[in-house]
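Q: pasting a predicted model and its sequence here:
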There are 2 protein chains.
Amino acid sequence: MTEIERFLEDKKVRPTAMRILVYKYMAKRQISVALSDIENAFTKAERTTLYRTLKTFEENGIVHQIDDGTGITKYALCEIGCNCEIEQDLHLHFHCNNCQETVCLTAHKIPHINLPEGYLAKDVNLVVKGLCKNCSN
Amino acid sequence: MTEIERFLEDKKVRPTAMRILVYKYMAKRQISVALSDIENAFTKAERTTLYRTLKTFEENGIVHQIDDGTGITKYALCEIGCNCEIEQDLHLHFHCNNCQETVCLTAHKIPHINLPEGYLAKDVNLVVKGLCKNCSN
DNA sequence: TAATAAATGCACTTCCCTTGCATTAAATAA
DNA sequence: TTATTTAATGCAAGGGAAGTGCATTTATTA
């Protein structure tokens, strides 16, 4: 049993061939991926299967969704200590207007936001857009 | 000529009947609206016309889009001093998980975000989700 | 090996955004 | 005022992504 298989089982996800492939793909690409990215990477895979794979991963704390404002749902592997399951996932995301890629800036926590009287915060989403490291030169 | 007509002309937008109605509707509702909201409010209006009305408004600095993470584009009237045309629109938005409404918290500016070396910020989108004033009791 | 449960594949639906094009209305020129 | 041009509207259709139902295949466990 490989390390990935062990990891998936640990997360209560049955390590099927497809799931292992998807996991490997996401691990290899450091950035967040869209469903269509994976679809293009594995041409013979069914979109629905991939869709449900990501859903399963999400439900079991393996990936989290990112809304980067492009209108397309992105997914990123949870890193160690990722708190996405519990209420607030406070790291911010950066979307590059040039290469269209979105990265989790895990180390950058979202500062505390003061809200007007009566407002109750449950979740915060912060997306910065601009040029990434590779595109800003 | 009414005040609204004068305002629209000032923004280089021809004050047609439809546009005046849409403007009034948005001014009456303090929250941001989706295309479908307006569609429902004026049953006899064409969806495309409303869509293009909002687009025209946006291009001329009358409204700005809000991405509140629901996947549905919202629009809000620009207030005096709204900087949405120039690069950064730095106020934050609040989306209520209960009543599904999104408001601009114009007075609440987004704090400065420190990015890693090499990253260049052009735009920032901050959405807080939770319970609004009316729903938190 | 049989029975059960989970994962996959295919077809189809829905929702929202967007565009093309003909038609109607308004603005400007003659 | 009428003719010409330009802008706005209405209708139809397209496209992309998310999501669901159900039959089939694969894996698990009794």
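A: The structure has been received and is ready for your questions. This one's a predicted model, so the numbers in the text were calculated from it and none came from an experiment.
Q: if I pick A:A34, what's in contact with it?
A: A:I72, A:T73, A:K74, A:Y75 (CB atoms under 8 Å, 6 or more residues apart in numbering or on different chains). Every C-beta, even on glycine, is put in place using the N, C-alpha and C of the backbone.
Q: and which of these is nearest to DNA strand D?
A: Proximity of these to DNA strand D was ranked by CB to the nearest atom of the strand; the top entry is A:T73 with 3.4 Å.
Q: go through the contacts of A:A34 and flag which are in strands.
A: A:T73, A:K74, A:Y75 (DSSP state E).
Q: A:Q65 contacts A:F57, correct?
A: No - using CB atoms under 8 Å, A:Q65 makes no contact with A:F57, being 10.2 Å away.
Q: ok, those two, which is more surrounded?
A: A:F57 (22 against 15; other CB atoms under 10 Å in any protein chain shown).
Q: mind pulling the model confidence for that one?
A: With respect to pLDDT, A:F57 scores 97.
Q: likewise for A:I80?
A: For A:I80, the predicted pLDDT is 78.
Q: report how many residues lie close to it.
A: A:I80 has 5 nearby residues by other CB under 10 Å.
Q: rounded mean pLDDT for the one helix or strand A:E5 maps to, please.
A: Using DSSP states H and E, A:E5 sits within helix A:3-10. Averaged across helix A:3-10, the pLDDT comes to 95.
Q: who's in contact with that helix?
A: Counting by CB under 8 Å, 6+ apart, A:M1, A:R14, A:P15, A:R19, A:I20, A:Y23, A:K24, A:I62 sit against helix A:3-10.
Q: just the buried positions in that helix, please.
A: In terms of neighbour count (16 or more other CB atoms under 10 Å in any protein chain shown), helix A:3-10 has its buried residues at A:L8.
Q: who are the packing partners of the next helix or strand after that helix?
A: Where DSSP H and E defines the elements, the next helix or strand beyond helix A:3-10 is helix A:17-28. Under the contact criterion of 3 or more CB pairs under 8 Å, 6 or more residues apart in numbering or on different chains; DSSP states H and E, helix A:17-28 touches helix A:3-10, helix A:35-41, helix A:47-59, strand A:73-77.
Q: is there proximity between the shortest one and DNA strand D?
A: By that I understand strand A:73-77. Yes - legend: contact between strand A:73-77 and DNA strand D by CB under 7 Å from any atom of the strand is shown at A:T73.
Q: quick one: that strand to chain centroid distance?
A: 3 Å (CA atoms, centre = their mean, to the nearest Å).
Q: name the helices or strands packed onto the helix or strand following that strand?
A: Downstream of strand A:73-77, the first helix or strand assigned by DSSP H and E is strand A:91-96. For strand A:91-96, the elements it packs on are strand A:102-109, strand A:120-131, judged by 3+ CB pairs under 8 Å, 6+ apart.
Q: I figured A:N134 hits A:C99, correct?
A: Yes - between A:N134 and A:C99 there is a contact under CB under 8 Å: 6.6 Å.
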